[in-house]
Structure formats: C-alpha cells, structure tokens
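*Asks:* can't give you the sequence, but here's the structure:
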C-alpha cells in the first residue's frame, strides 16, 4: 500500500496534464469544459498535499507538477486567446512574461543542469489567479482581470529569474527571494 501511495501525487499531476489536453478538445466554457477545468484545479491542490502527507515529495514529483502547471497554462492560453479580443498591449505583456519565464528556465538549466521551475508563494498565487480567470472575468471584466493576473505573473516571473540568477544551488521550494 505504501508503494502505491508514493505514486498518487505523480498520478494526480499526470491527470492534470491529461485533463489540460482534454480542455483543448471540448467546447470552451461548456459544462464539460468547467467539469474538466475543476478536475485540473483539484488535482493541482491535491498533488502537493498528498506528496507532503505521504512523505513522497521528490524532485521528480516537483518537476512533474511544474510541467503539469505549464501544460495547464498553455492549454488555457490556447483556449482563451482566440475567444477574447485582447488589446495588443496585453498580448505583448503575456509574451514578455513568457520570455522572462523561459529565460529563468534557461538560466536554471545552464546553472543546475535541471528544470528550474520554482514553487514560490508568488508562483502559487499566480497559479491560483490563472485558475480563477473565468470566474474573475465574469465578475470584473477582461481588462481589470488581465491587469491583475499579468501584474502578478510579472512579479512571480521576475522573482523566479532573480532567484535562479543569485542562487548557488537549485532551490525549488524557496517561498520567496526575501526568504533564506
């Protein structure tokens, strides 16, 4: 039983990858879409919780979780960008955040020879805001929602880059650049 428990967090992350890909195949904003979308969110919360609870956290699991997060984000961009009439400045902002994140990954790979996705508080908050996008959009409108999400994503991307540039070792679970 213990052996099975150790694989549950990675299975939950793999489920998020699969469900993220399914989001690309269903009608956006349909009941099926939101059902799959909520499964993605629940799997994101449960994978880390289960890993800590079963004492099965590992560098591989952290990478699988981060890859699942990236696939989910990419799927959301692929679904929502064609549906929304985004102003050019928002598209440029999203592209800039993406470039900073890719730069951070490149720096991390060069320094540590590993994927350097970090689990900072700002990255977690950005993930929560991205997950909340459809709900926030319906409450506050497109521009206000995207300004908040892009602002937070910018801060978390720059923080991750700074941590990767300054750290002598890969610190995946550093809460913030202001913490040691």
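*Replies:* Done, it's in. It should be emphasised that the depicted structure is a prediction, and the values quoted were computed from it without experimental measurement.
*Asks:* name the element residue 20 belongs to?
*Replies:* Element membership for residue 20, per DSSP states H and E: helix 2-23.
*Asks:* Can you give me every residue that contacts the residue nearest to residue 47 when sequence neighbours are not counted?
*Replies:* Excluding the flanking residues, the one nearest residue 47 by CB to CB, 6 or more residues apart in numbering is residue 12, at 4.0 Å. The way it works is simple: take the backbone N, C-alpha and C, and place the C-beta from them, glycine included. Each residue near residue 12 by CB atoms under 8 Å, 6 or more residues apart in numbering is listed here: 43, 46, 47, 50.
*Asks:* Run the chain-centre distance for the helix holding residue 20.
*Replies:* 15 Å (CA atoms, centre = their mean, to the nearest Å).
*Asks:* now stretch 151-167
*Replies:* Put simply, stretch 151-167 sits 14 Å off its chain's centre (CA atoms, centre = their mean).
*Asks:* List the buried residues in that stretch.
*Replies:* Buried residues in stretch 151-167, counted by 16 or more other CB atoms under 10 Å: 152-161, 163-164, 167.
*Asks:* Which helix or strand contains residue 145?
*Replies:* In the assignment (DSSP H and E), residue 145 maps to helix 142-166.
*Asks:* what mean pLDDT would you report for that helix?
*Replies:* Helix 142-166 shows a mean pLDDT of 96.
*Asks:* Show me the contact partners of it.
*Replies:* By CB under 8 Å, 6+ apart, helix 142-166 touches 84, 86-87, 90, 93-94, 96-97, 100-101, 103-104, 107-108, 111, 116, 118, 120, 122-123, 125-126, 129-130, 133, 136-137, 171, 174, 176-177.
*Asks:* centre of the chain versus that helix, how much separation?
*Replies:* On CA atoms, centre = their mean, the centre of helix 142-166 falls 12 Å from that of its chain.
*Asks:* OK, contacts around residue 46?
*Replies:* Taking CB under 8 Å, 6+ apart, one finds 9, 12 in contact with residue 46.
*Asks:* Sticking with the spatially most central residue of the chain, tell me its helix or strand.
*Replies:* By CA atoms, centre = their mean, the mean C-alpha position of the chain lies nearest to residue 69, the distance being 3.6 Å. Per DSSP H and E, residue 69 falls inside helix 59-83.
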